[in-house]
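Novice: sequence plus the predicted model coming up.
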Number of protein chains: 2
Amino acid sequence: MSHFSRLYEENYLKAIYKLEQRRVGKVNNIALARYLDLNPASVLEMVRKMAEKTLVQLNPDKTIALTDEGTRLALSIIRRHRLWEVFLVEKLGYPWNAVHHLAEQLEHIDSDDLVDRLESYLGFPAVDPHGDPIPDKAGHMATPESLSLSVATEGATYIVRSFADTDDAFLDYLGRLQIRPGTRVTVVEHQEYDGSCQVEVNGTALQLSEKVAGNILVAGA
Amino acid sequence: MSHFSRLYEENYLKAIYKLEQRRVGKVNNIALARYLDLNPASVLEMVRKMAEKTLVQLNPDKTIALTDEGTRLALSIIRRHRLWEVFLVEKLGYPWNAVHHLAEQLEHIDSDDLVDRLESYLGFPAVDPHGDPIPDKAGHMATPESLSLSVATEGATYIVRSFADTDDAFLDYLGRLQIRPGTRVTVVEHQEYDGSCQVEVNGTALQLSEKVAGNILVAGA
DNA sequence: ATAGTTTATTTGGGCTCCCAAATTTTTTCT
DNA sequence: AGAAAAAATTTGGGAGCCCAAATAAACTAT
């Protein structure tokens, strides 16, 4: 047993990686503290320790960036997370939108060998149940072409690829709407005044708010 | 994330349970500290906190005993541990004597539902890869009849059931001898002077020391 | 430019589990 | 019984991650 610092570290790495991917706003103490729901003082202290271990780099403009090693580790955590999610859905029968929490625990299991065996056992899946790509052993991750439903062409039919938000409430809502990765969606029309979006899914007409439509990522059918 | 006290607690519960099962010597601070390789001061502090949570009982003679709740929790941890071991061996192809370490991490994953699904997925196995029985959902555990090879009858043939030691070196040694749960063993003779035991396994004659033979548990063929 | 506001950092402290060393209690042995 | 040894407990302190509140620095807006 002994020290759990690795677990904390992994959460920080994941968080920084996610914020970097968002490309909206700088990644600094404040942003990180807000994302992790922690006090900026705690974050600063931790980030400094991680800088000493060359996991992150503290730039002169107070920006935080992952080093190559940090990125490698972050991708390995994401890899573990997504493979466990596939396992939970494919093998244990969990609903696709109910596995995030468990995967957050499983992702900390420390064994690359275990993850490689799991990947092979699952048949080398390319994406997780949320439609997100799974990095390979070397840390390479495919980035499938996709666009937000809120800017999709009226009249066209798309296939849902993944989602830009992992919030539980959002995923629950999608579940009730019967929308998941792979679902066929036809855009009927975009409303000017509120940005909402009328679509047809499984033969039913749905009205999606701008926020919801914006977080649904699709690709051509 | 937040507090990991549960993980520490679970290790203490497991350790106390194991010492109670051994039935050799009292379970007190010293014994626990020795088993967990911790300072007695640390153990005392922790055990007191667990007593306040009614997980253990501190007797007047300084003996430590699990309460009903503590026992229930300990059994649930053992259940998780053994089911994950079955998974690692049956599904991921690990050697039976190389999974203990990983299972020690996996056993801390906090979800009864997950474990129940895992159990069903594995086909409700009765024993783990080491031959140890798996407690059911309600905490009931079968205790298969078995005796130590060191007191087995000369000339008789037995089936290896399980092992009384989980030390890595011991399990490695067993692996090299091709002895695992289910292996047929015929006792040739016990040596008076050093307690060693000559057996025949898979057509080969083996000389087992008293210590090794004593830790191999068998049942009639 | 300067007052006002946000952002960043420092300071002092909390909680949990851990330890070494000093102390007290209990056991063991002559 | 009395001395020596072992066991049990107390004391004081460390490391890790966390926080609130007090500063200090940077940015905004008039």
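Specialist: Yep, it's here. Residues are numbered from 1 along each chain as shown, chains lettered A, B, ... in the order given.
Novice: and the helices in chain A?
Specialist: Taking DSSP state H as the criterion, chain A carries its helices at A:5-22, A:29-36, A:40-52, A:68-86, A:100-106, A:112-121, A:168-176, A:210-214.
Novice: tell me which of those helices sits most buried.
Specialist: helix A:68-86 (a mean of 21; mean count of other CB atoms under 10 Å in any protein chain shown). C-beta: built from backbone N, CA, C; applies to glycine.
Novice: that one versus helix A:5-22: what angle between them?
Specialist: Put simply, helix A:68-86 runs at 90 degrees to helix A:5-22, going by axes from the mean of the first three to the mean of the last three CA atoms, to 10 degrees.
Novice: pLDDT averaged over helix A:68-86 - what is it?
Specialist: Helix A:68-86 shows a mean pLDDT of 97 in the predicted model.
Novice: what's it in contact with?
Specialist: A:10, A:13-14, A:16-17, A:50, A:54-56, A:66, A:99-100, A:102-104, A:106-107, A:109, A:112, A:115, A:118-119, A:122, A:125, A:127-130, A:132-137, A:139, A:141 (CB atoms under 8 Å, 6 or more residues apart in numbering or on different chains).
Novice: ok, and of the residues you listed, which contact DNA strand D?
Specialist: Applying CB under 7 Å from any atom of the strand, the subset of these adjacent to DNA strand D is empty.
Novice: report the separation between the spatially closest residue to A:Val27 that is not a sequence neighbour and A:Asn28.
Specialist: Nearest residue to A:Val27, sequence neighbours excluded (CB to CB, 6 or more residues apart in numbering or on different chains): A:Leu19, at 4.5 Å. When CB to CB, to the nearest Å is applied, the distance between A:Leu19 and A:Asn28 equals 9 Å.
Novice: low-confidence ranges, chain A, go.
Specialist: Where chain A drops to pLDDT under 70, the residues are A:1-2.
Novice: what parts of it come near DNA strand D?
Specialist: Going by CB under 7 Å from any atom of the strand, the residues of chain A near DNA strand D are A:3, A:5, A:8-9, A:36-43, A:45-46, A:49.
Novice: and the residues you listed near chain B, which?
Specialist: The subset of the residues of chain A next to DNA strand D within reach of chain B, counting by CB under 8 Å from any CB of the partner chain, consists of A:Tyr8.
Novice: out of the residues of chain A next to DNA strand D, who's nearest chain B?
Specialist: A:Tyr8 (6.9 Å; CB to the nearest CB).
Novice: I figured the closest one was touching A:Met46, is that so?
Specialist: Yes: using CB atoms under 8 Å as the test, A:Tyr8 is close enough to A:Met46 to be in contact (6.9 Å).
Novice: tell me which of the helices of chain A lies nearest to B:Val151.
Specialist: Relative to B:Val151, the nearest member of the helices of chain A by CB to CB is helix A:112-121, separated by 38.6 Å.
Novice: so A:Leu206 sits right up against A:Val199, yeah?
Specialist: Yes: between A:Leu206 and A:Val199 a contact is recorded at 5.3 Å, counting by CB under 8 Å.
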